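*Asks:* I'll drop the sequence and a predicted model, then ask my questions.
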Amino acid sequence: MELINPDMGFNDIGTRIKTRKRNIAAPLDPSAFADAVVQIYLDNAGDLELVAKSLESSDLNFSRYGDTFFEVVFTGGRTQPGTTKPDEGERHSYSVIDCESKREAILPSVLYIQKILRRRPFLIKNLENVTRKFLQCLEIFEEDERKKLAIFTALSFSQKLSGLPPETVMQPLLKDNLVAKGLVLSFITDFFREYLIDNSVDDLISLLKRGKMEDNLLDFFPSAKRSAQGFSEHFTKEGLVALVEYNEKKIFEAKLKEMTSALTTQIAEGTDIAEVIETVKQRVKDTKIPDIEVVRIVWDVLMDAVQWSGKNQQQNANSALRQVKTWAKLLNAFCTSGKLELELMYKVQIQCYEDAKLMKLFPEIIRSLYDQDVLAEDTILLWFRKGANPKGSKLL
């Protein structure tokens, strides 16, 4: 007779039940992983070429302990949560934090990580995690350590470190307490300075766009310094004049755009000329836009407001001349010198040269501006004799 195994499962009617095997997950052991990575560093005396080869031939579980790996790379071992203080376990002295705060000392670590990421691209997410963690806790680092992180981060983007998104760096920095203490401004200044060694301002702006920070650079400044003047003073002092020039140009273009928009609205609504003149004068006073730019804006807005005909040249001529006559007082209010009158003539000349429907209207427009006392005879004679812009001067 067959004996029944007491460990075998049966139901009430004696039918054998098949028990399903459980997948038992191995417990997490980041300490052992960190110690193994540290030992590889120590065995190779910090030679990153040899370290990379040893890591490649190892059976370490990078997919499970990616964050721990980058902690070891940055700080030499595991760190306690919310601090750079070492956790229990082995450590090495060849980390990013332990090297000199110079690009020559830090660049090898960037190239080393680039090599690791080419072999294990999934680790980019872990690099993001650790980078974000450290940048959100800048206050736990010493000043020189923050500089090293800034240089490392800048070099990472200069070397186009595989897949590291700019927002990973830019956005975590915007913590109110870090900004208020000036830590973010110090970090980003070191970052900009290092990045601009190998890259242009345009490259930096492109990077900031991808990091969604191009229009928010003042957010890096403590509230007391958060102004265009504060921006210029700080980065001029730090030797980043190209960045200051870019920002001033951007502010200037924004002012021009605002004035153009306001004037366009008033022209479209048929606002009283006296009111339009007063509005423009007030904006010029507030924004300090040069008179020459005001003349250009006024002319562009007036011509943009004309309802042009697609085919009827005579109708276009009548519309343009009617616009000039209607708004002559506005033009006259800002063409207050021979130089500005000449600038208006250049503006009209270039537009008539570049716009096919206005090609033959230049003499008629100039005549109308003269009749409305916008242009003086001396200005027209000067333009005719020697002041004409080369564009289309023979065709007009």
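*Replies:* On my side now, so go ahead. Since we're looking at a predicted model, the values are computed, not measured.
*Asks:* Next one: the spatially closest residue to residue 218 that is not a sequence neighbour from residue 219, what distance?
*Replies:* Sequence neighbours aside, residue 226 is the residue nearest to residue 218 in space, at 4.9 Å (criterion: CB to CB, 6 or more residues apart in numbering). Heads up, the C-betas are built off the backbone N, CA and C, glycines and all. Distance of residue 226 to residue 219, given as CB to CB, to the nearest Å: 8 Å.
*Asks:* next one: residue 370
*Replies:* In this view, residue 370 and residue 219 are 51 Å apart by CB to CB.
*Asks:* which stretches of the stretch 1-150 of the chain have low pLDDT?
*Replies:* Across the stretch 1-150 of the chain, residues meeting the criterion (pLDDT under 70) sit at 1-28, 80-88.
*Asks:* rerun that using 80 as the cut-off
*Replies:* Residues of the stretch 1-150 of the chain meeting the criterion pLDDT under 80: 1-28, 79-90.
*Asks:* Pop the domain breakdown of this protein in here.
*Replies:* Listed by automatic domain parsing, the domain ranges of the chain are 30-222, 271-387.
*Asks:* model confidence over stretch 331-341, on average?
*Replies:* In this model, stretch 331-341 has a mean pLDDT of 95.
*Asks:* can you list the residues that contact it?
*Replies:* 277, 280-281, 291-292, 294-295, 298-299, 302, 324, 344, 369, 372-376, 378-379, 382 (CB atoms under 8 Å, 6 or more residues apart in numbering).
*Asks:* For that stretch, list the C-alpha coordinates in CSV.
*Replies:* Extracted C-alpha coordinates of stretch 331-341, given in CSV (Å, rounded to 0.1, in the frame of the first residue of the first chain):
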residue,chain,number,x,y,z
LEU,A,331,5.6,110.9,-36.7
ASN,A,332,6.3,114.7,-36.3
ALA,A,333,6.3,114.4,-32.5
PHE,A,334,9.3,112.0,-32.5
CYS,A,335,11.2,113.2,-35.6
THR,A,336,12.7,116.1,-33.6
SER,A,337,16.0,116.4,-35.4
GLY,A,338,17.6,116.1,-38.8
LYS,A,339,19.2,112.9,-37.7
LEU,A,340,15.9,111.3,-36.8
GLU,A,341,14.2,112.6,-40.0
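*Asks:* May I see the buried residues of it?
*Replies:* 331, 332, 333, 334, 335, 340, 341 (16 or more other CB atoms under 10 Å).
*Asks:* farthest-separated two in the residues you listed?
*Replies:* Pairwise distances across the buried residues of stretch 331-341 peak at 12.6 Å for 333 and 341 (criterion: CB to CB).
*Asks:* unless I'm mixing things up, residue 65 is touching residue 31, no?
*Replies:* No: applying CB atoms under 8 Å, one finds residue 65 not in contact with residue 31, separated by 9.9 Å.
*Asks:* Of those two, which one has the most company?
*Replies:* Neighbour count, other CB atoms under 10 Å: between residue 65 and residue 31, residue 65 has more, with 22 against 16.
*Asks:* Can you tell me how far the residue nearest to the more buried one when sequence neighbours are not counted is from residue 108?
*Replies:* The shortest distance from residue 65 to any non-neighbouring residue, by CB to CB, 6+ apart, is to residue 33 (4.2 Å). From residue 33 over to residue 108 the distance is 23 Å, taken as CB to CB.
*Asks:* neighbour count winner among the two?
*Replies:* Legend: neighbour count by other CB under 10 Å for residue 33 and residue 108, higher for residue 33 (21 against 15).
*Asks:* how near is the more buried one to residue 55?
*Replies:* Here residue 33 is placed at a distance of 12 Å from residue 55 (CB to CB).
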